[in-house]
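Asks: sequence first, predicted coordinates after that:
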Amino acid sequence: MKIYPAVDIKEGKCVRLKKGAADDKTIYFENPADAAKNFAAAGSRFIHVVDLDGAFEGKMRNLKIIQEISSMGMFVQLGGGMRDEDSIKAAFDAGVSRAIIGTKACTNPDFAIEMAEKYASKIAVGIDAKGGIAAINGWLELVSPAGELAKKLAAGGVSTFIYTDIDTDGMLSGPNVPAQREMLEILRPYGAKLIASGGVSSEGDIAALNNLAREYDNLDGVIVGKALYEGKVDLKSIIATLNV
């Protein structure tokens, strides 16, 4: 199971939100690239980056910072503002390894399927859910059952999903393991992989998800955010433990 340390960018700074609320943020680094450097120095080969301005406004706003992070040699997956092919191409041109389609995949699944057909594993779909209902536009609007959406997209050929439980995101309350298990069950018949996100608060939480990965071989990884910034989890230690 891979570890994806998270760098969320808002107004040019590295921040963490609580439950996705734009007005409830904590700034951890003035330059998000400094956070990424720390993760690389700890031995991370993967990083999860979100352009929060892009998520809220529908268009990427922090491409220069993203390009700087991409130059560090890690596998970079990027979400936020991926609502047309031009944005996806711009992300790839900036050195991003995988583009995450979120809102647009919920409102127009055929677009995500078309991009997956064209770019294969370089495309992932991010499904962020509150009470099992997918949310869009920076988590401001609830739209459709997450499971039904995942089935349609996986059947259409999307091979990687990031599933975020909004109720636990940024809360350091522990991941919603039953919700992640349910999504793994949905995706497994299609051979699609899942990256779990939301709520990781300790190395024990990561161990619990790693146990889930032994049961479900399609659990590809876990995104860890606030727990790293608050010193609840030591990235170098968990990378060594998981041998990733």
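Replies: Yes, it's here.

Asks: so Gly204 is in which element?
Replies: helix 203-215 (DSSP states H and E).

Asks: what does the helix or strand following that helix contact?
Replies: Counting by DSSP H and E, the next helix or strand C-terminal to helix 203-215 is strand 219-224. Residues outside strand 219-224 that contact it (Cβ atoms under 8 Å, 6 or more residues apart in numbering) are 1-6, 46, 48, 160, 162, 164, 175, 180, 184, 193-198, 200, 206, 209, 212-213, 233, 235, 238. For the C-beta atoms, the positions are set from N, CA and C on the backbone; glycine is no exception.

Asks: and strand 219-224, which strands flank it?
Replies: strand 2-10 (parallel), strand 193-197 (parallel) (DSSP bridges).

Asks: kindly export it (C-alpha atoms) in CSV.
Replies: Provided in CSV are the C-alpha atoms of strand 219-224 (Å, rounded to 0.1, in the frame of the first residue of the first chain):
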residue,chain,number,x,y,z
LEU,A,219,-6.5,-0.9,-2.3
ASP,A,220,-3.6,0.9,-3.9
GLY,A,221,-2.7,3.5,-1.2
VAL,A,222,-3.8,6.1,1.4
ILE,A,223,-3.6,9.8,1.4
VAL,A,224,-2.2,11.4,4.6
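
Asks: just checking the distance from it to the centre of its chain.
Replies: 9 Å (Cα atoms, centre = their mean, to the nearest Å).

Asks: next secondary structure element downstream of it?
Replies: helix 226-229.

Asks: residues near Ile133, how many?
Replies: 15 (other Cβ atoms under 10 Å).

Asks: for the nearest residue to Ile100 once chain neighbours are set aside, grab the count of nearby residues.
Replies: Distance criterion Cβ to Cβ, 6 or more residues apart in numbering; nearest residue to Ile100, sequence neighbours excluded, is Gly79 at 3.5 Å. Neighbour count of Gly79, defined by other Cβ under 10 Å: 27.

Asks: my guess is Gly79 contacts Lys104. True?
Replies: No. Counting by Cβ atoms under 8 Å, Gly79 stays clear of Lys104, with 11.0 Å between them.

Asks: picking up where we left off before, elements contacting the helix holding Gly204?
Replies: Helix 203-215 sits against helix 177-187, strand 219-224, helix 235-242, with contacts defined as 3 or more Cβ pairs under 8 Å, 6 or more residues apart in numbering; DSSP states H and E.

Asks: can you lay out those as a markdown table showing mean pLDDT?
Replies: Supplementary listing: those in a markdown table, determined by pLDDT from 0 to 100:
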| stretch | mean pLDDT |
| --- | --- |
| helix 177-187 | 96 |
| strand 219-224 | 97 |
| helix 235-242 | 94 |
